[in-house]
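Chemist: 3D, please:
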Amino acid sequence: MANLTLNIPDDDLKRARIQALKDGTTVNELVRVYLRNYGKRPEEVREAVEDLIRLAKKSRWSSGGRKWKREDLYDRKVMRDG
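Modeler: Have a look, this model is predicted:
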């Protein structure tokens, strides 16, 4: 694995580190994932999306016919107390 030196403003890095900690990750991991995805060719991305669609179609999960409303998605205690 190669090392990379970046020049990032201190405030930006501090905010990124705090957010990464909240998300249970690191700034290093975020950069690795970003660069891995950035380097993918468009056909690789298309193939990944097609794979996801195929998996979704094979899924046996069902909403049971329920029609979701926007309010249902945000009707959680965490969202109401915020």
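
Chemist: Low-confidence regions, this protein specifically.
Modeler: Counting by pLDDT under 70, the ranges of the chain that qualify are 75-82.

Chemist: Enumerate the helices of it by residue range, in sequence order.
Modeler: Assigned by DSSP state H, the chain shows helices spanning 10-22, 27-38, 42-58, 70-73, 77-81.

Chemist: would you put the C-alpha positions of the fourth one in CSV?
Modeler: So that's helix 70-73. Output of helix 70-73 as CSV, limited to C-alpha atoms (Å, rounded to 0.1, in the frame of the first residue of the first chain):
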residue,chain,number,x,y,z
ARG,A,70,-43.3,10.5,3.2
GLU,A,71,-44.6,11.0,6.8
ASP,A,72,-44.2,7.3,7.6
LEU,A,73,-40.5,7.4,6.7
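
Chemist: And for residue 29, the neighbour number?
Modeler: 12 (other CB atoms under 10 Å). C-beta: built from backbone N, CA, C; applies to glycine.
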